[in-house]
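Enquirer: kindly generate the corresponding structure for this input.
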Amino acid sequence: MTTNRCSWANPVNPRYLDYHDHEWGVPCHDENRLFEMLNLEGAQAGLSWETILNKRDTYRAAFDGWDPERIARYDEAKVAELLADPGIVRNRLKVAAAIGNARAYLLLRAEGLTLDSFLWDYVDGKPIVMDWPDGQRPTKTALSDRISKDLSKRGFKFVGSTIVYAYMQGIGMVDDHDPQCFRHAGAA
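Expert: Purely as a prediction, here's the structure:
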């Protein structure tokens with residue numbers, strides 16, 4: 001029996017299929033994963049998600065398990081170490097963004113907010129289920145525009161509207177699975 005999946009899910013990459021089947025579009029409320037995914041989506045800018053997904057374990061190790069308190073304290077020596085690591089995208093702006101995002105995250109927490117509450121309040125705590133014709137998903141929406149602006153005002157980097165929309169899909173704020181996909185909310 002063949003499982004119907006979204007057209008983008010690469011059937012020859014088990015890691016990609018696992019991501020599609022168990023993470024993409026699944027509501028996430030775990031702070032560490034929300035922070036990780038925000039930074040990985042930013043690292044993906046200009047690249048394929050598959051490239052980042054294949055480097056995910058190395059990213060976790062390189063960025064101390066995505067611990068914002070540790071990342072916020074990174075110095076130039078740590079930046080040099082990261083830029084020499086072939087297991088991540090060695091882009092100075094993206095590395096600096098992850099460090100800045102850790103600092104912005106800690107400021108958010110100091111206000112008594114979490115990424116979970118901050119993000120999910122935009123959708124009243126419930127995923128938006130989309131039914132785009134023929135799987136023609138947008139790359140951004142009015143909502144991703146709003147969230148992008150709000151994150152930017154709070155000091156987050158690499159959070160343009162297109163990145164934020166992909167982030168919303170990845171953390172399940174939006175269920176953009178193809179209507180025939182077994183993961184789509186309306187699937188039988």
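Enquirer: which residues does the residue nearest the centre of the chain contact?
Expert: With distances taken as Cα atoms, centre = their mean, residue 37 lies nearest the centre of the chain, 3.2 Å away. Residues in contact with residue 37 (Cβ atoms under 8 Å, 6 or more residues apart in numbering) are 28, 167, 170, 171. All C-beta spots, glycine's among them, are computed from the backbone N, C-alpha and C.
Enquirer: that one: what secondary structure?
Expert: At residue 37 the chain is in helix, as set by DSSP: H, G, I helix; E, B strand; the rest coil.
Enquirer: what about the helices in the protein?
Expert: 14-22, 31-44, 49-62, 68-71, 76-83, 92-110, 115-120, 142-153, 161-170 (DSSP state H).
Enquirer: may I see those helices organised as JSON lines, with distance to residue 176 added?
Expert: JSON lines is the format used below for these (distance: least, Cβ to Cβ, whole Å):
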{"stretch": "helix 14-22", "distance to residue 176": "11"}
{"stretch": "helix 31-44", "distance to residue 176": "14"}
{"stretch": "helix 49-62", "distance to residue 176": "13"}
{"stretch": "helix 68-71", "distance to residue 176": "28"}
{"stretch": "helix 76-83", "distance to residue 176": "31"}
{"stretch": "helix 92-110", "distance to residue 176": "24"}
{"stretch": "helix 115-120", "distance to residue 176": "16"}
{"stretch": "helix 142-153", "distance to residue 176": "12"}
{"stretch": "helix 161-170", "distance to residue 176": "5"}
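Enquirer: report pLDDT for the nearest residue to residue 140 once chain neighbours are set aside.
Expert: With Cβ to Cβ, 6 or more residues apart in numbering as the measure, residue 161 is the residue that lies nearest to residue 140, at 4.0 Å, once sequence neighbours are left out. We have a pLDDT of 98 for residue 161.
Enquirer: residue 161: how many residues sit nearby?
Expert: Residue 161: 20 surrounding residues under other Cβ atoms under 10 Å.
Enquirer: that one and residue 123, how far apart?
Expert: 16 Å (Cβ to Cβ, to the nearest Å).
Enquirer: shaky segments in this protein?
Expert: Confidence mapping of the chain against pLDDT under 70 gives the ranges 1-2, 133-135, 186-188.
Enquirer: neighbours of residue 124, how many?
Expert: Using other Cβ under 10 Å, the number of residues around residue 124 comes to 7.
Enquirer: quick check: it vs residue 42, distance?
Expert: According to Cβ to Cβ, residue 124 stands 26 Å off from residue 42.
Enquirer: ditto for residue 102
Expert: Relative to residue 42, residue 102 is positioned 12 Å away (Cβ to Cβ).
Enquirer: repeat for residue 181
Expert: Distance of residue 181 to residue 42, computed by Cβ to Cβ: 26 Å.
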